[in-house]
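Undergrad: sequence plus the predicted model coming up.
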Amino acid sequence: MNQSSTSSKTTGFKSHTEITWDDATWILSCSFMIFTMQTGFGLLEAGCVSRRNEVNIMVKNAVDVVFGGITYWAFGFGLSFGNSPGTNPFCGIGYFFVDAPHADMGIIFSTYVFQLSFATTATTIVSGAMAERTKLISYIVFSFLNTIVYCIPAHWEWASNGFLRTLGVVDIAGSGAVHLVGGVSAFVATFLLKPRQGRYREGQKVTDNPLPMGNPANALIGMFMLWWGWLAFNCGSTFGISGGKWKLAAKAAITTLNGSMGGGIVGIILSYVIKKGTFDVGYLINSILGALVGITAGCAVVRPWEAVIIGVIGGLLAILCIILIDKIRIDDPVGAIAVHGVCGAWGMLSVGLFAAHDPLENTTQGRDGLFHGGGMYLLGVQTLACCVIISWSAVVSAMLLLGIKFTIGLRLNEEEELIGADYTEHGIGTPNIMNYSERGLMSPPAVTRTQSVCSARSISTATVKSMTETCNNDINLISRQTTKRFRSDRVVPVNNIPGEVNANFSSPVDNL
């Protein structure tokens, strides 16, 4: 098999022209940068959750690479890009347990590494939505199996005979195959898991029980690492720098940056308006990430000023949908459903509106979007792709998660959840039930001064007397237990105690 034929069957939409060794170097370099996004996701999620779940969420990000990666090597890459007999528009066959002869190893291995970084990202999106209440062993099983959710839509969109690609669907860097898949899976997971303990209270508005970040600085650092990795994500998806691909990579860089800037502006404005003069860190982070997800599908086929518009709408959707999702009491600790799911769908649809024919690499297969006079066809197939991907991701994710739920269980028990997964799963920290301030999860219930005064006046004298007697009984019990603990035959003589001893020291026995 020569290099040209290999590239045409393993690299999806990026393989309109032959892949050279320069291209392979570019692909590998971008793959390594994309891999650092795991650190970004980990820091972002650890910053959003309570302080007693930080280690646990970082471990889950490592699990995504370890267990999700091994299954992608075993069968995921083959189901996406296999070209052996039996390959069809639904899935690929071949390249299982990825290996290659000397003649083809360059293109096959570089393609595999690049696509592996995409596959682990799709699973990592779900980890944030399941945070603070999922058993680690259950998540390991999910991560091991979740490859199947990602690799089939990847074949549809990017393999040479995938049915969505054949129809003309354009998804350059994965708004649909990566982010929409991950966002839908995140929705299914949060729906099945139910909210965290104490997240919502009966008779109380969601806005009365805000959800502060455990460590906003870590979340911001994570966002910056994702921002950096996103440039490789989008620019690397030109799949090379030979021919006209380097020009598309440069264009993808500026549209990616412009889109994120547009989203960030919206986040700051919305925060200032909605939060009444406060610049909320979460608004900034989610608006930028939502804009990045939105520009991902069409990064090389839209113009820079159009990227700003796409980013503005992506940032707006991310913030407003997070608020809406919270109002209907779906507990998503990191906003994955809105940022990746909703904005992933917007990214796919934006191609149908703004895409222009690419004469360099024929990325759009000669078609233009609606706003460039291309009619409704491209928008129609992009909409079809969204519907198909949502259906597939929802059904398969539900099957996997329900299977885990009814076998080994998905959720930590109530006590483990309140103590924190860092202690219960990893033995880190102390086994104390978290109060509001320790959790870094919820602020205390909103109580006004008037409410406090009214509550105090409503307590009767008999109630106060009963509470006092209870406290006295508890104090007496502790006193008796303390006295009983000091037996005369177990008291160490003062002169035998090493180190300095207070001159006024008296043995507890002397006081008996």
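TA: Yes, it's here.
Undergrad: show me what the helix or strand where residue 288 lies is packed against.
TA: Using DSSP states H and E, residue 288 maps to helix 281-296. Helix 281-296 is packed against helix 216-235, helix 245-274, helix 304-327, helix 343-354, with contacts defined by 3 or more C-beta pairs under 8 Å, 6 or more residues apart in numbering; DSSP states H and E. Backbone N, C-alpha and C define where each C-beta goes, glycine included.
Undergrad: could you dump these to TSV with mean pLDDT and mean neighbour count?
TA: Shown next, in TSV, are the helices and strands packed on helix 281-296 (pLDDT from 0 to 100; neighbours: other C-beta atoms under 10 Å):
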stretch	mean pLDDT	mean neighbour count
helix 216-235	95	21
helix 245-274	96	21
helix 304-327	96	22
helix 343-354	97	28
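Undergrad: nearest to residue 150, out of those?
TA: Between residue 150 and the helices and strands packed on helix 281-296, the shortest separation by C-beta to C-beta is 12.7 Å, and it involves helix 343-354.
Undergrad: ok, then the element right after the closest one?
TA: helix 377-405.
Undergrad: before we move on, back to that, of all the helices and strands packed on helix 281-296, which lies closest to residue 88?
TA: Among those, helix 343-354 comes nearest to residue 88, with 23.3 Å by C-beta to C-beta.
Undergrad: that older thread, quick one, the helix holding residue 288 and helix 216-235 angle?
TA: 10 degrees (axes from the mean of the first three to the mean of the last three C-alpha atoms, to 10 degrees).
Undergrad: helix 281-296 vs helix 343-354, what angle?
TA: 40 degrees.
Undergrad: going forward can the numbers begin at 774, since that is how I track them
TA: Sounds good: first residue 774 from here, last item helix 1054-1069.
Undergrad: and helix 1054-1069, how far from the chain's centre?
TA: Relative to its parent chain, helix 1054-1069 has a centroid offset of 12 Å by C-alpha atoms, centre = their mean, to the nearest Å.
Undergrad: pLDDT (mean, whole number) over it?
TA: Mean per-residue pLDDT for helix 1054-1069: 96.
Undergrad: buried sites along it?
TA: By neighbour count with 16 or more other C-beta atoms under 10 Å, helix 1054-1069 contains the buried residues 1054-1069.
Undergrad: going by distance to residue 961, which of those wins?
TA: residue 1066 (18.4 Å).
Undergrad: report the contact partners of that closest one.
TA: Residues in contact with residue 1066, defined by C-beta atoms under 8 Å, 6 or more residues apart in numbering, are 948, 952, 1087, 1091, 1112, 1113, 1116, 1117, 1119, 1120.
Undergrad: same check, this time on residue 1121
TA: By C-beta under 8 Å, 6+ apart, residue 1121 lies in contact with 944, 948, 949, 953, 1070, 1155, 1156, 1158, 1159.
Undergrad: mark which of these are buried, thanks.
TA: Using 16+ other C-beta under 10 Å, the buried ones in the contacts of residue 1121 are 944, 948, 949, 953, 1070, 1155, 1156, 1158, 1159.
Undergrad: could these go into a markdown table alongside distance to residue 815?
TA: Shown next, in a markdown table, are the buried ones among the contacts of residue 1121 (distance: C-beta to C-beta, whole Å):
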| residue | distance to residue 815 |
| --- | --- |
| 944 | 26 |
| 948 | 22 |
| 949 | 24 |
| 953 | 22 |
| 1070 | 25 |
| 1155 | 32 |
| 1156 | 34 |
| 1158 | 30 |
| 1159 | 29 |
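Undergrad: relative to residue 997, which of the residues you listed is nearest.
TA: Nearest to residue 997 out of these is residue 948 (C-beta to C-beta; 21.3 Å).
Undergrad: show me the contacts for that closest one.
TA: 1066, 1067, 1069, 1070, 1071, 1116, 1117, 1118, 1119, 1120, 1121 are the contacts of residue 948 under C-beta under 8 Å, 6+ apart.
Undergrad: could I get the residues you listed as CSV with distance to residue 1173?
TA: CSV is the format used below for those (distance: C-beta to C-beta, whole Å):
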residue, distance to residue 1173
1066, 23
1067, 27
1069, 25
1070, 26
1071, 30
1116, 24
1117, 20
1118, 22
1119, 26
1120, 25
1121, 24
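Undergrad: residue 899 contacts residue 919, correct?
TA: Yes - judged on C-beta atoms under 8 Å, residue 899 makes contact with residue 919 at a distance of 7.0 Å.
Undergrad: find residues that contact each of the two.
TA: 958, 1170.
Undergrad: if I look at the residue nearest to residue 1139 when sequence neighbours are not counted, how far off is residue 1142?
TA: Closest residue to residue 1139 apart from its sequence neighbours, by C-beta to C-beta, 6 or more residues apart in numbering: residue 1130 at 5.9 Å. In this view, residue 1130 and residue 1142 are 9 Å apart by C-beta to C-beta, to the nearest Å.
Undergrad: does residue 1009 touch residue 800 like I think?
TA: Yes - Residue 1009 is within contact range of residue 800, at 6.4 Å (criterion: C-beta under 8 Å).
Undergrad: hey, what's in contact with both of the two?
TA: The contact lists of residue 1009 and residue 800 share residue 887, where a contact means C-beta under 8 Å, 6+ apart.
Undergrad: next, give phi and psi for the residue nearest to residue 1139.
TA: phi -50, psi 130 (degrees, to the nearest 10).
Undergrad: cool, and residue 907?
TA: Given degrees, to the nearest 10, the pair of backbone angles that residue 907 has is phi -110, psi 130.
Undergrad: look up the pLDDT of it for me, please.
TA: 95.
Undergrad: the one 5 residues further on too?
TA: Residue 912 is assigned 96 on the pLDDT scale.
Undergrad: so is it in a helix, a strand, or just coil?
TA: helix (DSSP: H, G, I helix; E, B strand; the rest coil).
Undergrad: and it, how far from residue 1186?
TA: Taken as C-beta to C-beta, the span from residue 912 to residue 1186 is 16 Å.
Undergrad: looking at those two, which one has more neighbours?
TA: Under the criterion of other C-beta atoms under 10 Å, the comparison of residue 912 against residue 1186 puts residue 912 first, with 26 against 12.
Undergrad: okay, now residue 978: neighbour count?
TA: Quick note: residue 978 (other C-beta under 10 Å) scores 10 neighbours.
Undergrad: same deal with residue 862?
TA: 15.
Undergrad: which residues touch the nearest residue to it once chain neighbours are set aside?
TA: Spatial nearest neighbour of residue 862, excluding adjacent residues (C-beta to C-beta, 6+ apart): residue 936 at 3.7 Å. Residue 936 is in contact with 862, 863, 929, counting by C-beta under 8 Å, 6+ apart.
Undergrad: residue 936 and residue 942: what is the separation?
TA: 9 Å.
Undergrad: now do the shared contacts for those two.
TA: Contacts common to residue 936 and residue 942, judged by C-beta under 8 Å, 6+ apart, are residue 929.
Undergrad: pLDDT score for the residue nearest to residue 1139?
TA: Here the pLDDT value assigned to residue 1130 is 92.
Undergrad: OK, contacts around it?
TA: Contacts of residue 1130 by C-beta under 8 Å, 6+ apart are 1137, 1139, 1140, 1141, 1145, 1147.
Undergrad: quick one: the closest residue in space to the fourth one that isn't next to it in sequence from residue 1116, how far?
TA: If you skip the residues right next to it in sequence, residue 1141 has residue 1147 as its closest partner in space, 3.1 Å away by C-beta to C-beta, 6+ apart. As defined by C-beta to C-beta, residue 1147 lies at a distance of 23 Å from residue 1116.
Undergrad: now do residue 1184
TA: Counting by C-beta to C-beta, the gap from residue 1184 to residue 1116 is 28 Å.
Undergrad: thinking again about what came up before, between the contacts of residue 936, which sits nearest residue 833?
TA: residue 929 (27.7 Å).
Undergrad: the helix or strand hosting that closest one packs against which elements?
TA: Assigned by DSSP H and E, residue 929 belongs to helix 920-931. With contacts taken as 3+ C-beta pairs under 8 Å, 6+ apart, helix 920-931 sits against helix 850-854, helix 878-902, helix 936-940, helix 954-966, helix 1150-1178.
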